[in-house]
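Asker: Next comes the sequence, and after it the predicted model I'd like to discuss.
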Amino acid sequence: MSKRHVDVVAGVLRDARGRVLLTRRTEGRDFAGRWEFPGGKRKASESPDEALVRELREELGIEARVGAHVITVPQEYPDKRLRLEVREIDDWDGAPRGREQQALVWVPPEKLDRYTMPPADVPVVAALGQPPLYLVTPLPGEDDGRWLAGLDAALKTGIERVQVRVPGLAPERIRALASAVARRCRKAGVECLLNGDIALARLLGTGVHLTAAQLGELDERPLPGSVPVGASCHDLAELRQAEALGCDFAVLGTVRETPSHPGVAGIGWAGFAQLREQVSLPIYAIGGLGLDDLDEARRHGAQGIAAIRSLWPMTA
Ligand SMILES: Nc1nc2c([nH]c(=O)n2[C@@H]2O[C@H](COP(=O)(O)OP(=O)(O)OP(=O)(O)O)[C@@H](O)[C@H]2O)c(=O)[nH]1
């Protein structure tokens, strides 16, 4: 029997100190005792805004003004397929209180991941706190100085997460480039991950971005939680392995056909969402995407966009 679809809307309320409101699911409901963003099921007759205003009135006793879209997460649960649409709440009248006997807590954004939440909320918490763009470096041409100037220009645009991917170069040149990028990222307060090279990542104190082939060879997270671990995935088995290893995020694609893989059809946004709903991980979409695709990516449950060309401000 096919599972029922449920549309849920939830809100991000922030107090004057920037803390975010979580409420605790009461006994007798699924995920009882876990923390969540206030909200609930949308009725067929309601728009998402209307449903969210009603739910916040019923649950918290406030009159809310609904703001920007944050992320819409498709998530499969044992008994249903959920679509969780999360919106900012710009302002409200009244003081939030638990009208349904639920506990309330205001949490600094960087501490949200300490609260146990339903699986669909893992990508939501990441969308609130982690970078929406993930730059993958292009191959350098002859001139490494020019390539590093390209990186500097990318960092100036506000990129906060970078993967050093320079396959096929001599090992000494890879080491030199990786160490130069790591230094620049550290100075700029930007996360740096090396593609595939766990030993070099340990040496340089960076994160690592696992290739799909590496995923199958590992049985535990290769680096501590203090540095990021990402993974490239193309199918459900790889996503599940990335999740089992405790990766911080995955990259999934390709969404569109790209010049680097001509003739390989992309999975499209529907294909992306269908894979996304079966794991509880932040996932970047990759494959022929640029800044213009960010909104659509977020509407299909993506953390954001990973890209080479569109995030690199000059030709290498
Ligand atoms: N409000 C809210 N619901 C969430 C979040 N994350 C998440 O997975 N959900 C799921 O979305 C559904 C929301 O349903 P609800 O809270 O309105 O309804 P309920 O449990 O009373 O459902 P019931 O009518 O099936 O008993 C639940 O399955 C809940 O687990 C979240 O952050 N906020």
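Answerer: Noted; the coordinates are in hand.
Asker: where in this protein is pLDDT low?
Answerer: Residues of the chain meeting the criterion pLDDT under 70: 1, 315-316.
Asker: What distance do you get for the residue of it positioned farthest from its centre to the ligand?
Answerer: No residue in the chain has its C-alpha farther from the mean C-alpha position than Glu142, which lies at 34.2 Å (C-alpha atoms, centre = their mean). Going from Glu142 to the ligand by C-beta to the nearest ligand atom, to the nearest Å gives 51 Å. The way it works is simple: take the backbone N, C-alpha and C, and place the C-beta from them, glycine included.
Asker: Then Leu289?
Answerer: Taking C-beta to the nearest ligand atom, one finds Leu289 at 27 Å from the ligand.
Asker: Would you state the helices of the stretch 201-316 of the chain in chain order?
Answerer: For the stretch 201-316 of the chain, the helices defined by DSSP state H, counting those that start in this stretch cover 212-217, 236-244, 268-276, 294-299.
Asker: Pro313 - nearest residue in space that isn't next to it in sequence?
Answerer: Nearest non-adjacent residue to Pro313, counting by C-beta to C-beta, 6 or more residues apart in numbering: Ala153, 4.4 Å away.
Asker: can I assume that neighbour sits in a strand?
Answerer: No: counting by DSSP: H, G, I helix; E, B strand; the rest coil, Ala153 falls outside a strand, being helix.
Asker: please begin residue numbering at 209 from this point
Answerer: Yep, numbering from 209; the last one is Ala361 now.
Asker: list the contacts for the nearest residue to Pro340 once chain neighbours are set aside?
Answerer: Nearest residue to Pro340, sequence neighbours excluded (C-beta to C-beta, 6+ apart): Gly512, at 3.3 Å. Neighbouring residues of Gly512 by C-beta atoms under 8 Å, 6 or more residues apart in numbering: Pro339, Pro340, Leu341, Tyr342, Tyr492, Ala493, Leu502, Ala505, Arg506.
Asker: Quick check: of these, which lies closest to the ligand?
Answerer: Closest approach to the ligand among the contacts of Gly512 (C-beta to the nearest ligand atom): Arg506, at 15.9 Å.
Asker: The ligand contacts on the stretch 309-458 of the chain?
Answerer: Applying C-beta under 6 Å from any ligand atom, we find that the stretch 309-458 of the chain lies next to the ligand at Pro326, Ala328, Asp329.
Asker: export those to TSV and tack on neighbour count and secondary structure?
Answerer: Shown next, in TSV, are these (neighbours: other C-beta atoms under 10 Å; DSSP: H, G, I helix; E, B strand; the rest coil):
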residue	neighbour count	secondary structure
Pro326	19	coil
Ala328	25	coil
Asp329	25	helix
